[in-house]
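**Q** Show me how the following folds:
(chains A and B)
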Amino acid sequence: MSNYTKSTNFATKDTLTSGDPLKIVKGTEINTEFDAISTAIATKADTASPTFTGTVTIPTLSVSGTSTLTSQPILSSLTASKPVFTDSSKGLVSTGTLGADQGGTGVANNAAMTVTGSGNFAYTRTLTGTTNVTFPTTGTLATLAGSETFTNKTLTSPAIGGTPTGVGILTSGTAVASTSGTSISFSSIPSWVKRVTIMLAGVSTNGASNLAVQIGPVAGVETSGYSGYAYTPTSPASYTTEWAINGTNSAVNVYSGNVFLSLADSATNTWVMSSSGGGVGINTVSIAGGSKAIAGTLSVIRIIGSNTGSPVDTFDAGSINILYE
Amino acid sequence: MTHRIVVNVETGEVTQVEYTAEEQAAHDAEVARQQQEQQQQEQQQQNDPT
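**A** Purely as a prediction, here's the structure:
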């Protein structure tokens, strides 16, 4: 690349006297000037679509249209206060740290930083070393309304607000009036349940069949394979189609008591039952116990008035609920 | 018509399910069978009070 430098000063020739040999404008002088102009022009960039070679220095660059970088730019002048571009897919590679004005470290940054996206874009930080994330000690961490699941977290002295639910929590079912129907079933029992308490409060039926409990997996209650014995002073008896909880009943009897079910062996889904309660009307106490392995995880419990495992009597008083944990 | 009550523990929903005609017939038969059985037992106890 060369610049044009004038070789002959033609203006001085005008001041020379006629006859001076230097006053003559020679063809060689003109030729030399045009050659120099031609060389200079050929080595300068055009204003339209120029092609540069070597190192191009631009003090200030303002781009109004689309810029296309066809090779990887090297941002060598970035300092620690400049942002970092490390996206190889975009051909941007540099080093440095995120500037304080972009929320990074360095100088003090007292301004709030907001990252806003208008679409469904994930925010992912992939780091290779030990990474500490420090949350603010005050303020609102998040306003996320959805449910979140924490894994492998240790809570030290947690103060729980509201009503906890789920595994390990004693949960109450919905009390239902046992004033009609031939059976009352509690379905969709969570698979993690290992103990259930059935509470019968002033329960009565229109017949003399035993109050009994049956259990089963999601496929339904099972009506055979029970090992159980119910003791009421006048008529103790064993049962195989249900867990009877009182050996004697009557239409005038009003029974109240608890039935406890415990998962004895999760490998075989074997449950153990024990119950105790009293009946006003026939005025007697009843105790019972038994066990049964069901064909799957407990899912349903049914309370009936029956001696054979099939619902017979109709409920006409009281309420029944369960607690599970 | 006879019905049964189902409480969904997950949702708390209480549903009353009416018996189908087949279930009603089976239920009526079972009630009759148990009543007959009970009557027989009571008769036996009367005949053999010991």
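**Q** give me the low-pLDDT residue ranges for the stretch 1-150 of chain A?
**A** A:1, A:71-117, A:135-137, A:139-146, A:148 (pLDDT under 70).
**Q** Would you tell me which residues of it are close to chain B?
**A** Taking Cβ under 8 Å from any Cβ of the partner chain as the criterion, chain B has no neighbours within the stretch 1-150 of chain A. No exception for glycine: its C-beta is placed from N, CA and C like everyone else's.
**Q** separation between the closest residue to chain B within the stretch 1-150 of chain A and A:Thr154?
**A** Proximity of the stretch 1-150 of chain A to chain B (Cβ to the nearest Cβ) peaks at A:Ser147, 14.7 Å away. The gap separating A:Ser147 from A:Thr154 is 20 Å, by Cβ to Cβ, to the nearest Å.
**Q** Same question for A:Gly290.
**A** Computed as Cβ to Cβ, the A:Gly290 to A:Thr154 distance reads 40 Å.
**Q** So which of the two has more stuff around it?
**A** A:Gly290 (23 against 5; other Cβ atoms under 10 Å in any protein chain shown).
**Q** Quick test: name the residue nearest the centre of chain B.
**A** Centrality entry for chain B: nearest residue to the mean C-alpha point is B:Val31, 5.4 Å, by Cα atoms, centre = their mean.
**Q** How many residues are close by B:Val7?
**A** When neighbours are counted by other Cβ under 10 Å, B:Val7 comes out with 22.
**Q** cool, and A:Val285?
**A** 13.
**Q** which SS class is it?
**A** Using DSSP: H, G, I helix; E, B strand; the rest coil, the structure places A:Val285 in strand.
**Q** any idea how far A:Pro59 is from it?
**A** 100 Å.
**Q** again, but for A:Pro164
**A** Distance of A:Pro164 to A:Pro59, given as Cβ to Cβ: 65 Å.
**Q** the more surrounded of those two?
**A** Between A:Pro164 and A:Pro59, counted using other Cβ under 10 Å, A:Pro164 has the larger neighbour count: 11 against 4.
**Q** and that one, what does it touch?
**A** With contacts defined as Cβ atoms under 8 Å, 6 or more residues apart in numbering or on different chains, A:Pro164 has no neighbours.
**Q** Wait, a strand at it?
**A** No. With three-state DSSP as the criterion, A:Pro164 is assigned coil and is not in a strand.
**Q** how much space is there between it and A:Leu298?
**A** 22 Å.
**Q** Identify the residues contacting residue 17.
**A** I'll assume chain A. A:Lys23.
**Q** my bad, the chain I had in mind was chain B
**A** By Cβ under 8 Å, 6+ apart, the contact set of B:Val17 is B:His3, B:Arg4, B:Ile5, B:Val6.
**Q** quick check, nearest of the residues you listed to B:Tyr19?
**A** B:His3 (6.3 Å; Cβ to Cβ).
**Q** Fine by me, we can end here.
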